[in-house]
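>>> got a predicted model here, sequence first, then my questions.
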Amino acid sequence: MDRLSITTHLIAVLTAFSAFTMPIALEVLNRVKSRYGSAHYMDSIEQIMGFKIQLLFRELIVTLVALIAFTLFVSTVDDKTFSDRYVLLSELAFALITSALLIKEFLFIKTVFLATRSDDLVTEHLISKLSTTSSNDTNHSREVELLIQIACFNIENTAITSEKSTEKQLFDLIESSCINNESSIDTSTLKKLVDGLAATLTSARNTNSRDKYVSLQRDYGRLLILFFDKKMLNYDVFERFSQEFYEESIKEINSGQYWLLKADFLISVNAWDIQSPNTITFIDRHIRNLIDFLVDKKPELLPELIENYRSFIAYESHFNDDLYRLSDLFGDYNNNYFEEMSSFTANNEELLKTKPQEYIDNFILLLDKYTQDSLLPSVLPNRREEIKQIASEYEQEMITEIIRELATIAAKNTAQHAIRALAQKSQWGCILDCHERFSPASSKVIRLGVSLLPSSTSCTIQQLGKSHGYSSLHSEELGSAYNRAFPLLVMYALYNWRINNLEKNLRHGVTSISGTFNIGEKTIKNAKKILSELTRSMYYAKSRSYAESLCYHFDIKHEEAEFHNATLLIIRAIKKHLNNQLQEMKRTQPLSETIKQRYIDSIRLKSKDLQSRLPLLSSASFTRERQEPRTYSAMTYSRETFLDNTDVTTSFSSKKIIEHIHSNLAFKKIEDSGLQLINLEISDLEDNHTVIMTNKDWQKWTESKDREKLNSINRYLVRSTAPLNSYYLYDSENVSPMITLFAPNHEADAIPIVEHINNAFEFRFNDNGSQVSVEIDAHIYY
């Protein structure tokens, strides 16, 4: 056995190390199971080490069995059969194998020790793998899942968040990937990361650590918006993320921490960092969803929610002012496109609200015109590059201003949505808080920045004329809820006056507020809508609950009755003044040329009408001499009928005039050239014939005729009180002109007859201030 001493030591060493490493392996497995509940953690450990733990154990056992078998073999043979030299060589081979296994065991122990102390080793390994592409898992589902589990565990089990925490590293990774378009991390992987990191919010909320949760939700909200802005184009994914973020937000309702519900994350986001209009849509829709939720569950949070939305925008857009820089953007003054530039905003106003990307594209086209004018062939190369650089920087600045303008429009509409939602629930105190949040009535400080809820009477009245696109039954109720809020808002405007005029009687405030206001869009339609809404508001204003709420809110209970009465006086005065404006618009607004033309078009014939309905007018001769026309006095209409923007459309039907002309002509033909009705037989009529007679004659003639045969007869009946006992037979294959038309054009024959008839009418619209009468001259002679 002396010659097996090395083997004996190898067996002892392997046995000892196996007994030492097996408990460690079991401890790691139990740690993974209890901490993360993920089998992927062990896979990561094995990837870091470069070998599988299961194979290490297998190799240890196989080697140990081989050593024991070798010992038994050597013990059963003499040195002649298996010499000491071969034994020594075999032991050296086994020693090398054992050394390799020991190195593996040492690496295993080292890796487990490092992984036990900190997750940094595994985290760094997983993050490094995200930038690689695997044919088996292109979006790295396993790595993302384990990273999220590690982040959630560490958030819940650490008191202090370090800069190297897993979630911080993932946030930095997403941010750098979104900003750096050359990042090797696939978008689908980023999507999974962003989606999964929402779970960290729940983990942070469970810790009851205010600082940790506030910081995390701001980081996540900022990264979510950045991801949408830079990487997200698929609308379906947009919808899913929007819903998931909303659901994560409303989980706060029972936690006592309302940061997501107040959209606190917007503090860490700036409107000027946004590049895609879709991102504004995402933010605005999320805010609206929160408003609809909070108005029932936690309305007192709405003022801060609206303020956070306002802080996100910060300042009004300077797009309209900066647009005029185009004229001298490249040094020399260029007025070639001044008209297009100066009318750009007005011409594309609706496009900004409905298709903002097209609005941006139209601006870029306008900028390109100025740029191309400056890039003349004579311009030096270095100057050309300078011009392109100026154009690029200006384009980026203006896109930012367009996005800010879009965000301002959306935020103002959403803020008004909040007022309507609160009014529907009679949350008068919250409405006052929303207005007071940015610029309190008692403050002497003039605050800079965009105001989402201006408190002036003009702005309040203008909102009465806006529908905000409500359609469903619930939304219709929400749209009309502003009527209920209006008395309170008028009262709040009066309070703003009162706080600056404490020495004056409140009746002076009534005069001041009701005497100067602007309804915005000065059209009959808008004025009528506002008047209609004011009538409803006046009904609600009679309730004393408005004065009670306002006076309680500002602790001025001693003026409750005065505020109630003054508000009624203001609304009555506004109604009276607005009604006077409406009557003035109806009296002085010019008649619409478009509506006049629509009236004229109502008389115009189509080619098919001639043969089928008015056969006697299908052929005409022409004269260049104007004769005495036939004059027809059409109906008299109210003046409002011919005014634009009245919200009422009148359907004109004036073809009876031409039918009257045709009937007179037919009656004349029957009297002058008619045949005896007694001689008319059905068998004499052909397909090209049209029988023209009075309705009385037709009734008398058809009494004894076969009904089926009568249905095949082409006929035109003239109304008459008595029969004429005669008829006129019109032959479409042998037509001679029966009318003469005034046609000063030398090429009259080249123009279709229907156009000549349409041009034979002259119209006079007589406006007497309250009514419009239409006189029609027909230059159709017969």
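Received it, and whenever you're ready, just let me know what you need. Remember, predicted model here, so these are calculated numbers, not experimental data.

>>> where does the stretch 451-600 of the chain dip in pLDDT?
Along the stretch 451-600 of the chain, the model assigns pLDDT under 70 to residues 467-477, 479.

>>> go again using 50 as the cut-off
470-473 (pLDDT under 50).

>>> quick one, helices of it?
457-464, 473-480, 482-500, 506-515, 524-541, 545-553, 560-588, 593-601 (DSSP state H, counting those that start in this stretch).

>>> pull out the buried positions in the fifth one.
To tie it back to what came earlier, the one meant is helix 524-541. Buried residues in helix 524-541, counted by 16 or more other CB atoms under 10 Å: 524, 526-531, 533-534, 537-538, 540-541. Yep, even glycine has a C-beta here, placed from its N, CA and C like the rest.

>>> any chance of the helices of the stretch 451-600 of the chain in a markdown table, plus distance to residue 622?
Shown next, in a markdown table, are the helices of the stretch 451-600 of the chain (distance: least, CB to CB, whole Å):
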| stretch | distance to residue 622 |
| --- | --- |
| helix 457-464 | 57 |
| helix 473-480 | 58 |
| helix 482-500 | 62 |
| helix 506-515 | 64 |
| helix 524-541 | 44 |
| helix 545-553 | 73 |
| helix 560-588 | 43 |
| helix 593-601 | 22 |
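
>>> nearest to residue 141, out of those?
helix 473-480 (40.3 Å; CB to CB).

>>> which residue packs closest to residue 483, ignoring adjacent ones?
Once flanking residues are discounted, residue 483 sits nearest to residue 536: 4.3 Å by CB to CB, 6 or more residues apart in numbering.

>>> the one you found touches residue 482, doesn't it?
No - if you go by CB atoms under 8 Å, residue 536 and residue 482 don't touch, sitting 9.6 Å apart.

>>> now stretch 636-643: buried residues?
Applying 16+ other CB under 10 Å to stretch 636-643 flags 637, 639-643 as buried.

>>> what's next to it, contact-wise?
524, 586-587, 589, 591-592, 595-596, 599, 646, 648, 650, 765, 767, 769-774 (CB atoms under 8 Å, 6 or more residues apart in numbering).

>>> now with 6 Å?
Outside stretch 636-643, the residues within contact range by CB atoms under 6 Å, 6 or more residues apart in numbering are 586, 589, 591-592, 595, 646, 650, 770-773.

>>> drop anything exposed from those.
586, 589, 592, 595, 646, 772.

>>> tell me, how many neighbours does residue 202 end up with?
14 (other CB atoms under 10 Å).

>>> brain fart, residue 393
Residue 393 sits with 10 neighbouring residues when counted by other CB under 10 Å.

>>> look up how far residue 326 lies from it.
Per CB to CB, to the nearest Å, residue 393 is found 13 Å from residue 326.

>>> hmm, back to that, show me the buried residues of stretch 636-643 that map onto strands.
Using DSSP state E, the members of the buried residues of stretch 636-643 that fall within strands are residue 637.

>>> now distance to residue 401 too, for the buried residues of stretch 636-643, in a markdown table please.
Shown next, in a markdown table, are those (distance: CB to CB, whole Å):
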| residue | distance to residue 401 |
| --- | --- |
| 637 | 47 |
| 639 | 44 |
| 640 | 41 |
| 641 | 43 |
| 642 | 41 |
| 643 | 37 |
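
>>> so which of the buried residues of stretch 636-643 comes closest to residue 726?
Nearest to residue 726 among the buried residues of stretch 636-643, counting by CB to CB, is residue 637 at 40.0 Å.

>>> can you tell me who that closest one pairs with across the strands?
residue 772 (DSSP bridges).

>>> okay, the angle between the longest helix along the chain and helix 524-541?
Longest helix in the chain by number of residues, with DSSP state H as the criterion: helix 381-424. Relative orientation of helix 381-424 versus helix 524-541 (axes from the mean of the first three to the mean of the last three CA atoms, to 10 degrees): 40 degrees.

>>> what is helix 381-424 packed up against?
helix 277-297, helix 302-313, helix 319-322, helix 356-374, helix 428-438, helix 482-500 (3 or more CB pairs under 6 Å, 6 or more residues apart in numbering; DSSP states H and E).

>>> reformat those helices into JSON lines and put mean neighbour count and distance to residue 689 next to each item.
Supplementary listing: these in JSON lines, determined by neighbours: other CB atoms under 10 Å; distance: least, CB to CB, whole Å:
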{"stretch": "helix 277-297", "mean neighbour count": "20", "distance to residue 689": "67"}
{"stretch": "helix 302-313", "mean neighbour count": "22", "distance to residue 689": "77"}
{"stretch": "helix 319-322", "mean neighbour count": "14", "distance to residue 689": "70"}
{"stretch": "helix 356-374", "mean neighbour count": "16", "distance to residue 689": "59"}
{"stretch": "helix 428-438", "mean neighbour count": "21", "distance to residue 689": "78"}
{"stretch": "helix 482-500", "mean neighbour count": "23", "distance to residue 689": "66"}
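
>>> once you drop chain neighbours, what's closest to residue 13?
Residue 13 sits nearest to residue 98 (CB to CB, 6+ apart), 6.5 Å away.

>>> before we move on, what about residue 781?
Per CB to CB, 6+ apart, closest to residue 781 is residue 740, 4.3 Å.

>>> how close does that neighbour get to residue 625?
With distances taken as CB to CB, residue 740 is found 10 Å from residue 625.

>>> likewise residue 554?
Distance from residue 554 to residue 625, by CB to CB: 82 Å.

>>> which one of the two has more residues nearby?
residue 554 (18 against 8).

>>> give me the phi and psi for the more buried one.
phi -100, psi 10 (degrees, to the nearest 10).

>>> what's near enough to touch it?
Taking CB under 6 Å, 6+ apart as the definition, residue 554 has no contacts.
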